[in-house]
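Peer 1: generate a structure from the sequence data that follows.
(2 chains)
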There are 2 protein chains.
Amino acid sequence: MAKENFVEQIADIQKDFPQWYTDVVLKTKLVDYGPVKGTMVIRPYGYAIWENIQREMDARFKANGIENAYFPLLIPMSFFTKEAEHVEGFAPEVAVVTHAGGEELSEPLAIRPTSETIIGNMYSKWLQSYRDLPILINQWANVMRWEKTTRPFLRTSEFLWQEGHTAHSSEEEAKDMTLKMLEVYKEFAENCLAMPVITGRKTEKEKFAGAVATYGMEAMMKDGKSLQSGTTHFLGQNFAKAFDIKYLDKDGVQKYAYTTSFGVSTRLIGGLIMTHGDERGLILPPKVAPVQVVIIPIAAKKGGVVEKCEEIKTKLESKGLRVKFDNSDNSPGWKFNEWEMNGVPLRLELGPRDIEEGKAVIFRRDTLEKGSYALEDIENTVVNLLNTVQKDMLEAARARRDSRIVKAENLDELLKGVDEGNFVKAGWCGCRACEDEVKAKTAATARVLDNEVSKTCVVCGKKAEHTVIFARAY
Amino acid sequence: MAKENFVEQIADIQKDFPQWYTDVVLKTKLVDYGPVKGTMVIRPYGYAIWENIQREMDARFKANGIENAYFPLLIPMSFFTKEAEHVEGFAPEVAVVTHAGGEELSEPLAIRPTSETIIGNMYSKWLQSYRDLPILINQWANVMRWEKTTRPFLRTSEFLWQEGHTAHSSEEEAKDMTLKMLEVYKEFAENCLAMPVITGRKTEKEKFAGAVATYGMEAMMKDGKSLQSGTTHFLGQNFAKAFDIKYLDKDGVQKYAYTTSFGVSTRLIGGLIMTHGDERGLILPPKVAPVQVVIIPIAAKKGGVVEKCEEIKTKLESKGLRVKFDNSDNSPGWKFNEWEMNGVPLRLELGPRDIEEGKAVIFRRDTLEKGSYALEDIENTVVNLLNTVQKDMLEAARARRDSRIVKAENLDELLKGVDEGNFVKAGWCGCRACEDEVKAKTAATARVLDNEVSKTCVVCGKKAEHTVIFARAY
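Peer 2: Numbering: from 1, shown residues only, chains lettered A, B, ... in the order given. Sure, this is the predicted structure:
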C-alpha cells in the first residue's frame, strides 16, 4: 500500500532513474527551480542538509588550522587572462556584469566561477615574509558557472560551495596539503554521508584549469554512473607567478609560493540522494539528516499517547538528536509514507498498547526493518540505532559499489562494463588520443588513476602507463 | 609606552575618528580593500566575528521557528518593476549581468540588492492553502548595492547579511512578526555586541522601498553619529499583490498574504568597532570576540612557564572559551600592544613568580585594569570575568549614549546638538518639507520616531505629531 502510493508520486527508480531523481528532490521539497533558467532554490529541508554538511566539514577545516574568510563576488575580467589555462577553462562559463549603478563599467566584471585569481591577488598583497606562511584560508560562498544542461544540486548555474586556498613555502608541503585535504574529504564522505568514494589523481584532460595536478573523489550512484564529489588541486607556482605571490625567504631571497585549492559543493546533496535512495524516496544518513527520528502517535486521541510522545521527544533531544513529533491530523499510514519519502532514518511509533507494554516500535528507513524496544532508556537505544544505521548505510553502499567494479582488456569489454552500470578498470598508455577514443566509443571518461598495475592500454594495446577507473559521469 | 606605540600605528581617535576607524580595521586585519572599487575582503579575524554573530543570531531565528533556505543571486530585471516603490528605490544601485556563457542574455539579470522580489515569486508558487501559513524563512547571503562612497563594513558594494522573509494570513500577525524581530535584533545587539540601541518606526522618507512601515534600530557611535544597525519591515500586501502571493482560506476565498522582511549585515561589525574602540584599537565584546583570552608567558624560557600556560589554556578551553596562547618570539610588551590593539577582552600573564605564588595576572581590555587571581579554579574565574566584561561594556556604552541625548525646541538647538555629537529629540509636524529642512540645515536625519510627546515642530512650530530622534548617520 505504501509502495503503491509512491508509484503515483515518484517515478520507478529501476525504470527511469533520472526522473526518479527529479521527482524525489522536488516532492520532498529539497529544492525548486528558480525563475532564471538553470538556477535552483534550496528549500529549508534541503538547506538543513547543507547546514549539517557545513558544520561537519567546517569542524574538520578548523581542526586542520584552516580559517574562514570572505572574498568579493566580482572579479575583474583581466584577472582571468593572467593564467593561460585558467582563462581557457573558465571564460566560456562566466557570467559578466557590464553595468552597475546606472552606468556602463569601464572594465567588465566576472561573477566568480572559482576564486583562485582574486584570492591570488590578495595573497600577493598579504604575503611578505616566510613567517607569513603557510596561509590556510577557506571560504563558504556562492559561485556561478553558466551551464547548458542543468539539474538540481548536480549542475546548476549558481551553486554553494567551499573553496580552500593555501600558500606554502615548499613544493612538498603544498603537495602534502593537497593530499591531506583529499583524505579529509574522503573521511567526511564516508563517515558523514555514508558515501564510499574512490580517490585518485585526475588525468591531464580532466584536471582543473590552471592546476599542475588535480585529485578527485568519485562516488558511484545507484545507476552506476560516477559523481565527482570533491577535488583538490596542487597548483604548483602557476598562480603564484601569475599573481606575484612571493615572499622573502630566510636566506634573503624572494621566492614564489606554492599554492593549492580544494572544494566541495551542494553537489554532495545530489550524491547522497543517488547513493542511498530507493523506490520510496530519500534515505538520509543520520549524521546529516535534518530530522533523525520522527515520532508518530498511533491512536493519538487516546489518553496519554501525546504526552508520552512529547516525553520521548524531550528525552531524545537531550541527547542532541534532531526529532520531529508529527502530531498532525493525517492518518498514521499517510505519515509513514510521507516520512519514508523524506528519508528520515528512524520512525518511532507509539500507541496505547505500546505504552502499556512499556515499549515502542522503531522502523529503520534503510533496511525497512521494524523492531520493538523498551521505553526505558529509549534515548540510548535510539542513539545506538542511529549509529548502526549510519554504519550499515556505508557498508551497504560500499558492497554495492564494490560488486560493480569490473576490469576490461579492450574497448568492447569497457563498453559492456559501463553499459551494465559498472566502474571499469583498464590499462591506459597515457596518451590523449586513447582517452578521447574511450569517450567517443563508450561515453565513459577517466575518473581517476588507480594504483593497480596494468599491462596494456585498453585502446591501442601498447604498454600501459596507468590503470584508470573509467565510468560514465554526472 | 604602549600608548606611544599606537600613536604611530593608528590615528588619534579624538582628533580624527574616520581615520582611526580605517586604521583600526586595516591594522587589526579585520578587512582589506578588494581589487574592485567599493568591495572588501573580510579577513579571517573579521570573518570569525561574523561567524560568532551568525551563530548567535541563527540560534535566535531557529528558536522563533524560522528556517534557513537559499534563493538565487540573479533576479530578472522585470521582477523589480512589479512593485513601483521598490524599483524606484533599488534600480539606481543595481549591478546588472548582461552576458553569460559567451552570449548576450535575452533579459538582463540583476544581482540581488535584497530578495523580496525573487522570494515573492517563489512564495507565490509554494503557497496554496491557509495550512501553508505562516512561511518563516531566512537566508544568509551576499547582496550587492552599487554605492558611490564606501567604507569597510559600513557601506560596501557587496556585503554579507541575513534576510528574513515571512508570509502570514493576517495583518496583525505580520505586524507582530515585524515587531518581534525588532526585539530579537535589539536583544542580540545589546546582549551579544554590548551595543545599546534605540528602536522605533522610521519616517516615510526613511522607510524601505516597498514597505508599509519600517522599524529600525539605531546605535550611537563614539563620534556621536548614528548607525542604522538593523531593520524590520511590515510589507502589508504590497509584495503579495505584486507577486500574486495568495492562498485559499478556510472560508473558501482566495486571499493575499501579508508579508514581512528583516535584515542585519556585516555592518554590525563596524557598529561594534565604533561603539567600543579606544585610542589603543579594538575592544571586542567577549560573546563575539574571536579570541576571548590571550595567554602571554613572562620569561617563557624559564622552566615550567610554557607548560603551565598550556595547562591553563586547556582548562579554559574545557569551558568552551576561545583561547590563544601567544608563545611567539616577540617580547611581552610587543604582545601586550598587539593583543590590545586586536581588542581581546582578557589577557592572562604568567611568569615564574606568578606560578610560585599560585597566581596569574589578568588584564581587562575594556577598563585597562589589572588584577591578580588564584590559579586554582582559574577557568571559572575567567568565565566570570568575561561575563562581567560583557555586562560592563554594555553599561558603559549605554551610559555614554544616554549622556548624549538632548532635546531641541528649534533648528538652532538641533544643529548645536548634533554639532556636539548628540542624538537630538525634537517635535515634528510630520510633513516631508520640515524633515527635508532639518537635513538641509543640520545634516541630521530622522532616525526613528520616539514615544515621547512633543508640543511643536522643531522646524515650522506647528503642532507636533511625533517626537523624532534626529542624528547625523552613517
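Peer 1: and the strands in the stretch 251-400 of chain A?
Peer 2: Using DSSP state E, counting those that start in this stretch, the strands assigned to the stretch 251-400 of chain A run over residues A:254-256, A:258-265, A:293-297, A:323-325, A:346-350, A:359-364, A:370-374.
Peer 1: ok, now which ones touch the residue nearest in space to the middle of chain A?
Peer 2: With distances taken as C-alpha atoms, centre = their mean, the residue of chain A nearest its centroid is A:L268 (1.9 Å). With contact set as C-beta atoms under 8 Å, 6 or more residues apart in numbering or on different chains, A:L268 has these partners: A:I53, A:A189, A:L193, A:M195, A:S229, A:G230. Bear in mind the C-beta positions are built from the backbone N, C-alpha and C, glycine included.
Peer 1: cutoff 6 Å now
Peer 2: Contacts for A:L268 were tallied using C-beta atoms under 6 Å, 6 or more residues apart in numbering or on different chains; they are A:I53.
Peer 1: can you check A:K180 too?
Peer 2: Listed by C-beta under 6 Å, 6+ apart, the contact set of A:K180 is empty.
Peer 1: tell me the SS of it?
Peer 2: For A:K180, the secondary-structure state derived from DSSP: H, G, I helix; E, B strand; the rest coil is helix.
Peer 1: pLDDT at it, what is it?
Peer 2: Model confidence at A:K180, given as pLDDT, is 98.
Peer 1: just A:E452 next, same as before
Peer 2: So A:E452 comes in at 94 (pLDDT).
Peer 1: name the helix or strand for A:A426, please.
Peer 2: Of the helices and strands defined by DSSP states H and E, A:A426 is found in strand A:423-428.
Peer 1: follow-up on the earlier one: make a markdown table from the strands of the stretch 251-400 of chain A and add mean pLDDT and mean neighbour count to it.
Peer 2: Putting these into a markdown table (pLDDT from 0 to 100; neighbours: other C-beta atoms under 10 Å in any protein chain shown) gives the following:
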| stretch | mean pLDDT | mean neighbour count |
| --- | --- | --- |
| strand A:254-256 | 98 | 14 |
| strand A:258-265 | 98 | 26 |
| strand A:293-297 | 98 | 24 |
| strand A:323-325 | 98 | 18 |
| strand A:346-350 | 98 | 23 |
| strand A:359-364 | 98 | 19 |
| strand A:370-374 | 97 | 12 |
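Peer 1: just to revisit the earlier point, identify the residues contacting the next helix or strand after the strand holding A:A426?
Peer 2: Note on strand A:423-428: by DSSP H and E, the next helix or strand toward the C-terminus is helix A:432-442. With C-beta under 6 Å, 6+ apart as the test, helix A:432-442 has contacts from A:K205, A:L411, A:L414, A:L415, A:V418, A:A444, A:T445, A:A446, A:C457, A:V459, A:C460.
Peer 1: would you write a PyMOL line that selects the buried entries of those?
Peer 2: Provided next is the PyMOL selection string for whichever of the contacts of helix A:432-442 are buried by 16 or more other C-beta atoms under 10 Å in any protein chain shown:
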select buried, chain A and resi 411+414+415+418+444+445+446+457+459
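Peer 1: redo the contacts of helix A:432-442 as a markdown table? Include secondary structure.
Peer 2: Converted to a markdown table, the contacts of helix A:432-442 look like this (three-state DSSP):
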| residue | secondary structure |
| --- | --- |
| A:K205 | coil |
| A:L411 | helix |
| A:L414 | helix |
| A:L415 | helix |
| A:V418 | helix |
| A:A444 | coil |
| A:T445 | strand |
| A:A446 | strand |
| A:C457 | coil |
| A:V459 | coil |
| A:C460 | coil |
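Peer 1: pLDDT and distance to chain B for the contacts of helix A:432-442 - can I get that in CSV?
Peer 2: Output for the contacts of helix A:432-442, formatted as CSV (pLDDT from 0 to 100; distance: C-beta to the nearest C-beta, whole Å):
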residue, pLDDT, distance to chain B
A:K205, 96, 21
A:L411, 98, 33
A:L414, 98, 32
A:L415, 98, 32
A:V418, 98, 29
A:A444, 98, 26
A:T445, 98, 22
A:A446, 98, 26
A:C457, 98, 35
A:V459, 98, 32
A:C460, 97, 35
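Peer 1: tell me which residues touch the closest residue to A:L316 other than its chain neighbours, please.
Peer 2: Nearest non-adjacent residue to A:L316, counting by C-beta to C-beta, 6 or more residues apart in numbering or on different chains: A:V323, 4.7 Å away. Taking C-beta under 6 Å, 6+ apart, we find A:V323 in contact with A:V293, A:K313, A:L316, A:E317.
Peer 1: rerun at 10 Å
Peer 2: When contacts are counted by C-beta atoms under 10 Å, 6 or more residues apart in numbering or on different chains, A:V323 touches A:291-295, A:312-317, A:344, A:346, A:348, A:382.
Peer 1: with A:K125 instead?
Peer 2: The contact partners of A:K125, by C-beta under 10 Å, 6+ apart, come to A:F243, A:D244, A:I245, B:D32, B:Y33, B:P35, B:V41.
Peer 1: having no further points to raise, I will conclude here.
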